[in-house]
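Asker: Here you go, sequence then predicted model.
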Amino acid sequence: MVAILKEDAPAVRAMRLDDLARVVELETECYEFPWTFGIFRDCLRAGYECWVLATSSEVIGYGVLSVAASEAHLLNVCIGRAHQRGGHGSRLVRRMIDLARWHHAARLFLEVRPSNTHAIALYDRIGFNEIGRRPNYYPAKRGREDAIVMAMELNLPQD
Ligand SMILES: CC(C)(COP(=O)(O)OP(=O)(O)OC[C@H]1O[C@@H](n2cnc3c(N)ncnc32)[C@H](O)[C@@H]1OP(=O)(O)O)[C@@H](O)C(=O)NCCC(=O)NCCS
């Protein structure tokens with residue numbers, strides 16, 4: 001009999017300190033100006049909602065959410081290049097939205113580079129709306145880049 005070993009489906013679980021080496025590896029692979037190990041460690045220490053999407057053998061993506069009073073902020077969401085375009089990013093963002101609702105946040109905000117058209121398409125599709133811009137928010141290869149600020153109302157009845 002031939003055993004066929006298939007990669008198990010990734011599941012969402014809480015991020016741990018021992019995930020950070022892999023998380024930083026994905027971060028560095030996916031962003032031109034990546035967060036450092038120290039930033040992720042501080043997010044864990046601060047009690048932010050830090051989650052990974054992982055198979056039994058590897059972390060393939062992660063998301064970080066902060067909640068203060070009635071406002072939540074999606075600070076980071078990333079899927080490793082090898083796993084992009086498989087619906088994982090949408091799944092992770094939806095999970096972060098659920099978490100924000102669980103914390104009774106009324107509104108969820110995020111910032112995204114105007115050049116990041118893939119992420120903007122994802123956020124649009126999920127129901128975020130552009131509500132403004134922060135001029136010169138991000139470092140860029142040539143100077144600075146604006147941020148598009150997007151938001152989603154969480155008190156609205158769900159479909
Ligand atoms: C943005 C990101 C999280 C999307 O993750 P993903 O798993 O590839 O996304 P999904 O497969 O769920 O795609 C959802 C939708 O997003 C859009 N999208 C995602 N990747 C795209 C691409 N390469 N080209 C065009 N549209 C894309 C599409 O609308 C897609 O829906 P479709 O596949 O039905 O057309 C991922 O590309 C990523 O991690 N990028 C690097 C980090 C980053 O930029 N994070 C966002 C910072 S604000």
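Answerer: Sure, I can see it.

Asker: Run through the residues of the chain sitting next to the ligand.
Answerer: If contact is defined as Cβ under 6 Å from any ligand atom, the residues of the chain in contact with the ligand are 30, 77-79, 84-90, 112, 116, 118-119, 121-122, 125. The C-beta positions use only the backbone N, C-alpha and C, and glycine is treated the same way.

Asker: in the chain, which helix has the most residues?
Answerer: Determined from DSSP state H, the single longest helix within the chain is helix 88-102.

Asker: SS state for the nearest residue to Ser56 once chain neighbours are set aside?
Answerer: Once flanking residues are discounted, Ser56 sits nearest to Asp8: 5.2 Å by Cβ to Cβ, 6 or more residues apart in numbering. With DSSP: H, G, I helix; E, B strand; the rest coil as the basis, the three-state label of Asp8 is coil.

Asker: My guess is Asp8 contacts Ile60. True?
Answerer: No: applying Cβ atoms under 8 Å, one finds Asp8 not in contact with Ile60, separated by 11.4 Å.

Asker: ok, which stretches of this protein are helices?
Answerer: 20-30, 37-45, 88-102, 117-126.

Asker: For the residue in the chain positioned nearest to the ligand, which residues are in contact?
Answerer: For the chain, the nearest residue to the ligand under the criterion Cβ to the nearest ligand atom is Gly89, separated by 2.2 Å. For Gly89, the contact set (Cβ atoms under 8 Å, 6 or more residues apart in numbering) comprises 61, 77, 79, 119, 122.

Asker: swap the cut-off to 10 Å and go again
Answerer: Listed by Cβ atoms under 10 Å, 6 or more residues apart in numbering, the contact partners of Gly89 are 53, 61, 63, 77-79, 83, 118-119, 122-123, 126.

Asker: Report the buried members of those.
Answerer: 53, 61, 63, 77-79, 83, 119, 122-123 (16 or more other Cβ atoms under 10 Å).

Asker: hmm, which two among those are most spread apart?
Answerer: Maximum pairwise distance among the buried ones among the contacts of Gly89 (Cβ to Cβ): 18.7 Å, between His83 and Tyr123.

Asker: just for the protein, where's the confidence low?
Answerer: When residues are selected by pLDDT under 70, those of the chain lie in 1-7, 156-159.

Asker: in the sheet, who's paired with the spatially most central residue of it?
Answerer: Within the chain, one residue has its C-alpha closest to the average C-alpha position: by Cα atoms, centre = their mean, that is Val77, at 1.5 Å. Here Val77 sits in beta bridges with Gly63, as judged by DSSP bridges.
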